[in-house]
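A.B. asks: sequence first, then the predicted structure:
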Amino acid sequence: MMKKYLLAGFCVMILACSVSAQKAEIYATAKGAIKGYDPVAYFTESKPVKGEKEFTYSWKGAEWYFASTENLEKFKANPEKFAPQYGGYCAYGVAQGYAVKIEPEAWEIVDDKLYLNYNLKIQKDWQEKKQAYISTANTNWPNVLEKK
């Protein structure tokens, strides 16, 4: 009987560890999704703009920050349009099979979708074959969240 309980406890522990190893659907830091930058501003101002604490919205388990009420309302009306692809993880990384962090300054809009990258050097590499990387990343997403 004791073996049965030990085995059940071990199975629960393995399940808990594997669940906790999965990464969040949205990449966020203590500063929020996109490290506190406004996702709408990439589209409307063509540059990264830091969001303000007074304009926040919780979506898919992350806090999103906006530079204005107008941007907040646009996002609330259609978050899928403005949220970065691959949950805000690095687009190049997802194409390589990994969910890794980003820098808000390494970004590009392609076919009306926001893509973020690990840093400016990686972004330069990503831009050389972005359509191929996007295609591969689309295939890899969201399975990359399950990798450690």
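C.D. replies: Cool, got the structure.
A.B. asks: what is the mean pLDDT for stretch 25-36?
C.D. replies: Here stretch 25-36 scores 98 as its mean pLDDT.
A.B. asks: likewise for stretch 100-109?
C.D. replies: 98.
A.B. asks: how about that stretch as PDB, C-alpha atoms only?
C.D. replies: Taking C-alpha atoms only, stretch 100-109 is exported to PDB below (Å, rounded to 0.1, in the frame of the first residue of the first chain):
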ATOM      1  CA  VAL A 100      13.500  33.600 -25.600                       C
ATOM      2  CA  LYS A 101      13.300  37.100 -24.300                       C
ATOM      3  CA  ILE A 102      13.200  40.300 -26.500                       C
ATOM      4  CA  GLU A 103      14.300  43.900 -26.500                       C
ATOM      5  CA  PRO A 104      11.500  46.300 -27.400                       C
ATOM      6  CA  GLU A 105      13.800  48.300 -29.700                       C
ATOM      7  CA  ALA A 106      14.300  45.200 -32.000                       C
ATOM      8  CA  TRP A 107      11.000  45.100 -33.800                       C
ATOM      9  CA  GLU A 108       9.400  45.100 -37.300                       C
ATOM     10  CA  ILE A 109       5.900  45.000 -38.600                       C
END
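A.B. asks: can you list contacts of that stretch?
C.D. replies: The contact list for stretch 100-109 (C-beta atoms under 8 Å, 6 or more residues apart in numbering) reads 27, 29, 34-35, 37, 42-43, 48, 84, 88-90, 93, 114-120, 122-123, 127, 130. C-beta: built from backbone N, CA, C; applies to glycine.
A.B. asks: show me what counts as buried in it.
C.D. replies: Buried residues in stretch 100-109, counted by 16 or more other C-beta atoms under 10 Å: 100, 102-104, 106-107.
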